[in-house]
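In: Need coordinates for the following:
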Amino acid sequence: MFARALLPANSRRARKPAELLLVPMIDIFTVLVTFLLMTAVFSRITIVQLDLPSASDGKVTEPTFRLEVIVRKDGFELTNGTTSIAAIPKVNGEYDRKALSTLALSLKQDHPQTDSASVLMEAAVPYDNLIQAMDAIRSTEVAAAEAGAKPTKVMLFTKIAVGDAP
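Out: Just a heads-up that it's a prediction; the model follows:
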């Protein structure tokens, strides 16, 4: 009883529990989300549409020329389906995509009506090399005839089928 008498009068009342203020927290989260959205890097993903043949396509016609690019551990091998056209070995441990594009350009000039090709890959070759081979035979840039002009993009073999190498 004696201890109570020493306490001030306003401390005898029961204290109210403190309220949780959500407004400052919502403000912080709004600023944080805005900052994260402004600094985020959005990568560009390219999707290639591959047309796969089906059994309901009807009559099968054999094309006059069919380019096959086989991606092997040692380099690229180009065939027309039955006979070998060329072999492009690796240069300094890297695939020679420039030589592949140049050869594909010369084959396209010989067979301008053909726009389909096959890219076949060995099992031990990394997938990225398949994509790079597809890009090399799909299109290339040709230097302009006039000096100082921009190079023009030439479409080569745009319809590409993918498969396993024999």
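
In: mean confidence score for the helix ranked longest in the chain?
Out: Counting residues, the longest helix in the chain under DSSP state H turns out to be helix 23-39. When pLDDT is averaged along helix 23-39, the result is 90.

In: Please apply the same query to stretch 103-111.
Out: Stretch 103-111 carries an average pLDDT of 89.

In: ok, now stretch 140-147?
Out: Average pLDDT, stretch 140-147: 76.

In: mind listing what's buried in it?
Out: For stretch 140-147, burial by neighbour count (16 or more other Cβ atoms under 10 Å) applies to Thr140. No exception for glycine: its C-beta is placed from N, CA and C like everyone else's.

In: List the contacts of that stretch.
Out: Applying Cβ atoms under 8 Å, 6 or more residues apart in numbering, the set of residues contacting stretch 140-147 from outside is 101-102, 104-105, 150-154, 156.

In: Which members of those residues are positioned in helices?
Out: Assignment to helices by DSSP H places the following of these there: 101-102, 104-105.

In: wait, which of those is closest to Ala123?
Out: Among the ones in helices among the contacts of stretch 140-147, Ala104 lies closest to Ala123 (Cβ to Cβ), at 24.0 Å.

In: Correct me if wrong: that closest one contacts Leu156.
Out: Yes. At 5.0 Å, Ala104 counts as touching Leu156 under the criterion of Cβ atoms under 8 Å.

In: quick revisit: run through the neighbouring helices and strands of the helix or strand following the longest helix of the chain.
Out: Stepping forward along the backbone from helix 23-39, the first helix or strand reached (DSSP states H and E) is strand 67-71. With contacts taken as 3 or more Cβ pairs under 8 Å, 6 or more residues apart in numbering; DSSP states H and E, strand 67-71 sits against strand 75-79, helix 97-110, strand 116-121, helix 127-138.

In: May I have the longest one as CSV, with CA atoms only?
Out: Output for helix 97-110, consisting of C-alpha atoms alone and laid out as CSV, is shown next (Å, rounded to 0.1, in the frame of the first residue of the first chain):
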residue,chain,number,x,y,z
ARG,A,97,30.1,-19.9,-88.1
LYS,A,98,31.3,-17.3,-90.6
ALA,A,99,32.5,-20.0,-93.0
LEU,A,100,29.2,-21.8,-92.5
SER,A,101,27.3,-18.6,-93.4
THR,A,102,29.5,-18.0,-96.4
LEU,A,103,29.0,-21.6,-97.7
ALA,A,104,25.2,-21.4,-97.0
LEU,A,105,25.1,-18.1,-99.0
SER,A,106,26.8,-19.8,-102.0
LEU,A,107,24.5,-22.8,-101.8
LYS,A,108,21.5,-20.4,-101.6
GLN,A,109,22.7,-18.7,-104.8
ASP,A,110,23.0,-22.1,-106.5
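
In: Fine by me, thanks again.
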